[in-house]
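>>> Build me a model:
(2 chains)
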Amino acid sequence: MKTGMLKISPGFEDIMPEEYRELVDNGPYGKNYGIGDLGSFKELLEEHPLCAGCGLALSLRLTLASLPMPEETVIVGSTGCSALAFPQVALHNIHSLFGNQNAVATGVKRALKLRFPDKEKDVVVIAGDGATADIGLDMVMQSWLRRENITTIMLDNEAYANTGGQESGMSMPGTVLNMAPTGKKFPKLSLPEIAHTSGCDYVAAVSPAKPKQLAKAVRRAILVARKIGPTYVQIFSPCPTNYKLNPKETVSVIRQREKDGLYQTKEFISEEAQAFLNTVEEKK
Amino acid sequence: MYLSARVDKEKCIGCRLCITSCPEPNVFKFLPEEKLVEVNDSRCKACGLCTTVCPKDALKIS
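Have a look, this model is predicted:
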């Protein structure tokens, strides 16, 4: 997407909404902003309908702010809470069927490669834990096994939060939710390890409690996916509504879980990806 | 009058931790000259996440 495409004919400028004009004047396209610059530019996300204190909204906001080239990025989403925020994102985005997101992203990436052979186009999948780990695990794993150059980002809120609170494969054992009254009986799926053994070149598990680490992981994942192979980032983002937390506790819950050893940040980098990242990060 | 985060301008040191802990976009604006943050109260949902990360207790929900 060229920045010029956003601009509206001069005659209509005064009737466009204020948010739109801010995006044209002060948007992040083509400027290489990171999360350190948040607060000084107009963000890609606009007022969304997600709950107050939503960890997923925070993760999504930080993820969008750390994209290396927002103007050349296409995001593919799937059903879930994150899909509610997608219409408010000022990027090309596609909403796919529940669980189909990586198959759709594969097609998009291949088509973009044919259409723009000399341009870098990033295809980033942003979906919830239900779409990635439960319903769409088939499509997600197949895309890793085929070594498609796409980044998969999972916003892990440990439940099907959008439909009233059912347990998902990513919930902790013993979790009791509105629609899971007997408690979960089996352990949390460790998708980072699965991604690592399925051939992902860069795998990370991060949380919004450490925004800089999150931004670094997202940036690295996208850079590796451009040149080398599939990448996966898992972002732990607690849900205050279904887990009955006070909205202001979202970040402290992550810190508490980390202290108790129930959540760990992880990073797996293949040798090839490490060599590539060394050359890219040296240039800076 | 809706609830919103308010900044105590005397206590704020401009560390910008609140900006990266807010789930709502474009709520906090950083003023580089005064080294302060400003809240856009029409976009704030008053969740209070910023008050828990502020090291100087400069933010309050009211």
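>>> the strands in the stretch 151-284 of chain A, which residues?
Secondary structure of the stretch 151-284 of chain A (DSSP state E, counting those that start in this stretch): strands located at A:151-156, A:202-206, A:231-236, A:266-269.
>>> Dump those strands to CSV, plus mean pLDDT.
Converted to CSV, these look like this (pLDDT from 0 to 100):
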stretch, mean pLDDT
strand A:151-156, 95
strand A:202-206, 96
strand A:231-236, 96
strand A:266-269, 94
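>>> Compare the ones you listed and give me the one nearest chain B.
Each of the strands of the stretch 151-284 of chain A was scored for nearness to chain B using Cβ to the nearest Cβ, and the closest is strand A:151-156 (11.9 Å). The C-beta positions use only the backbone N, C-alpha and C, and glycine is treated the same way.
>>> Provide the contact partners of the helix or strand bottoming out on mean pLDDT in chain A at residue level.
When the helices and strands of chain A are scored by mean pLDDT, DSSP states H and E, helix A:3-6 comes last with a mean of 69. For helix A:3-6, the surrounding residues in contact (Cβ atoms under 8 Å, 6 or more residues apart in numbering or on different chains) are A:23-24, A:27, A:29-30, A:71.
>>> list the buried ones in the lengthiest helix in chain A?
Looking across chain A with DSSP state H, the single longest helix is helix A:211-227. For helix A:211-227, burial by neighbour count (16 or more other Cβ atoms under 10 Å in any protein chain shown) applies to A:211, A:214-226.
>>> What helices and strands are in contact with it?
Helix A:211-227 is packed against helix A:55-65, strand A:122-128, strand A:151-156, strand A:202-206, strand A:231-236, helix A:271-283, with contacts defined by 3 or more Cβ pairs under 8 Å, 6 or more residues apart in numbering or on different chains; DSSP states H and E.
>>> and those as a markdown table, adding mean neighbour count and distance to A:Q88?
Written out in a markdown table, the entries for these read as follows (neighbours: other Cβ atoms under 10 Å in any protein chain shown; distance: least, Cβ to Cβ, whole Å):
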| stretch | mean neighbour count | distance to A:Q88 |
| --- | --- | --- |
| helix A:55-65 | 27 | 10 |
| strand A:122-128 | 28 | 13 |
| strand A:151-156 | 28 | 15 |
| strand A:202-206 | 25 | 23 |
| strand A:231-236 | 27 | 19 |
| helix A:271-283 | 12 | 31 |
